[in-house]
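Enquirer: Got a predicted model here, sequence first, then my questions.
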Amino acid sequence: MNETIAIQDPFGKATTGKLAMWLFIIMDGLSFGGLLIGGAALRIAAPSWPNPGEILNIPLTGFNTFLLICTSFTMVMALNSIEKGNQDGLKKFLMLTMVGGIIFLGIQIYEYSHFIMGSPELTHNLAGAGFAGATNFIPSTGTYAAVFFATTCFHGLHVLSGVIYIGCILYAANLGRYTAKNTDRVEILGLYWHFVDLIWIFVFTVIYLI
């Protein structure tokens, strides 16, 4: 009997889906680590580097960071709801998490549009940061801009994927597919979303604050 249980459940309570997500998180975490370490190496090699807040809007992105952290809480509440058999709570908190992710992306797009379109204030800030003659802030502006866009765009792609992922789980929740005894897919979604939130804290710290 014990041998049969061991064969059917070789990893204890961890399902194959959770193990696959953990493997993905480890591999993707290494990708982000490579981006951040590569950016740090380029910064060390650069003759000059803008000071924090000289070009990037730290207050706006600080709010965006707080918003993303709040979506981790709503994701926890979504899982907690379905573990208690509360399907309405699951749907409500999944929706709040998805809306938070969409707002995060909207603010990021606003920030990008400001950099790409340019403005007299941005031109002044760029000149003060050592990019004299630049009228907008795009990847070709310099190493600093390339590091910024590569790292934040890569993370933004993960947030977009997460929003779509949440939408798929929310659709299934509306069909009543999850119960207190069937929460595995919601847990796996939570692992991914918490990973995306945690990575952004590192990105915000390294790219915006340091």
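Expert: In hand now; what should we look at?

Enquirer: Every contact and neighbour count from this point should use C-alpha atoms.
Expert: Noted.

Enquirer: Could you list the alpha-carbon positions for stretch 96-111 in PDB?
Expert: What follows is stretch 96-111, C-alpha atoms only, in PDB (Å, rounded to 0.1, in the frame of the first residue of the first chain):
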ATOM      1  CA  LEU A  96      -9.000  42.800  -9.000                       C
ATOM      2  CA  THR A  97      -5.600  41.200  -9.600                       C
ATOM      3  CA  MET A  98      -6.100  41.400 -13.300                       C
ATOM      4  CA  VAL A  99      -7.300  45.000 -13.200                       C
ATOM      5  CA  GLY A 100      -4.200  45.900 -11.100                       C
ATOM      6  CA  GLY A 101      -2.000  44.200 -13.700                       C
ATOM      7  CA  ILE A 102      -3.700  46.100 -16.600                       C
ATOM      8  CA  ILE A 103      -3.200  49.400 -14.700                       C
ATOM      9  CA  PHE A 104       0.400  48.600 -14.100                       C
ATOM     10  CA  LEU A 105       0.900  48.000 -17.900                       C
ATOM     11  CA  GLY A 106      -1.000  51.200 -18.700                       C
ATOM     12  CA  ILE A 107       1.300  53.300 -16.500                       C
ATOM     13  CA  GLN A 108       4.300  51.700 -18.100                       C
ATOM     14  CA  ILE A 109       3.000  52.400 -21.500                       C
ATOM     15  CA  TYR A 110       2.400  56.000 -20.500                       C
ATOM     16  CA  GLU A 111       6.000  56.300 -19.200                       C
END
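
Enquirer: just for the protein, where's the confidence low?
Expert: Along the chain, the parts satisfying pLDDT under 70 run over 1-14.

Enquirer: please redo it, this time with the cut-off set to 90
Expert: The model of the chain has pLDDT under 90 over residues 1-17, 45-49, 51-53, 118-119, 125, 127-135, 142, 180-182, 210.

Enquirer: residue boundaries of the helices in it?
Expert: For the chain, applying DSSP state H gives helices covering 2-8, 16-45, 58-83, 87-117, 120-128, 143-174, 184-203.
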